[in-house]
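Peer 1: sequence first, then the predicted structure:
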Amino acid sequence: MTKLALVLLLFSLGMAMQLVQSTNNEPKEVDKWIQKLHHGEEKVSRLHFYFHDTLSGKNPSAVEVAKASISKKSPTSFGLLNIFDDPLTEGPKSTSKLVGRAQGLYGSAGQQELGLLLAMNVFFTTGKFNGSSLTILGRNAVFHSIREMPIIGGTGAFRLARGLVQAKTHFLNLTSGDAIVEYHVVAMHY
């Protein structure tokens, strides 16, 4: 099994485990929730936070896990894969209040333009969405001023979520790769 296949398998297993662990509900309780769903009203939640992706220093929150033989020669680092566990904060400073974490992976999937394939779970550790998560999967064209990616699901308060996120780079160090990204989220859920 290649490194990439192993990473993707572990990520998939991690997403499944997060779903099981984050609901903390017995199957009967989930069944009751589903029975009531057709009477439920869809909600729209708007969220705002900052994503801190740190590749440098003694405690990086993102690390390289695989690369293709051409990654170093490619102007877009095509074939490079990183995995991350990044803090999410209310404001852009690293000392801002922690609201959750983003865990997942991104790989350089564009050969002509830096475009990352981003797969991440955003889970919240405070407030009314404490213990709930959103799953985001999409193309992140890093050098575009605003990038839009879909929400493909969620857990807890965000069960059956759909929607979108808009990402805007607040800070980027081209030497280290460290970045702070502002996220605006619109999630539709029950």
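Peer 2: Perfect, thanks for sending it.

Peer 1: would you point out which residue is most central in the chain?
Peer 2: Centroid check for the chain by CA atoms, centre = their mean gives residue 120 as the closest residue, at 2.8 Å.

Peer 1: so which helix or strand takes in the residue nearest to that residue when sequence neighbours are not counted?
Peer 2: Leaving aside its sequence neighbours, residue 120 sits nearest to residue 104 (CB to CB, 6 or more residues apart in numbering; 3.0 Å). Placement of C-beta: from N, CA and C, glycine included. Secondary structure from DSSP states H and E places residue 104 in strand 98-108.

Peer 1: run through who's touching that strand.
Peer 2: With contact meaning CB atoms under 8 Å, 6 or more residues apart in numbering, strand 98-108 is reached by 7-8, 11, 14, 49, 51, 65, 71, 74, 76-90, 114-127, 136, 140.

Peer 1: report the buried members of those residues.
Peer 2: By neighbour count, with 16 or more other CB atoms under 10 Å, the contacts of strand 98-108 hold 7-8, 11, 49, 51, 65, 71, 74, 76-84, 86-89, 114-116, 118-124, 136, 140 as buried.

Peer 1: in strands only, show me these.
Peer 2: 49, 51, 65, 81-84, 86-89, 116, 118-124, 136, 140 (DSSP state E).

Peer 1: name the SS class of residue 33, please.
Peer 2: Using DSSP: H, G, I helix; E, B strand; the rest coil, the structure places residue 33 in helix.
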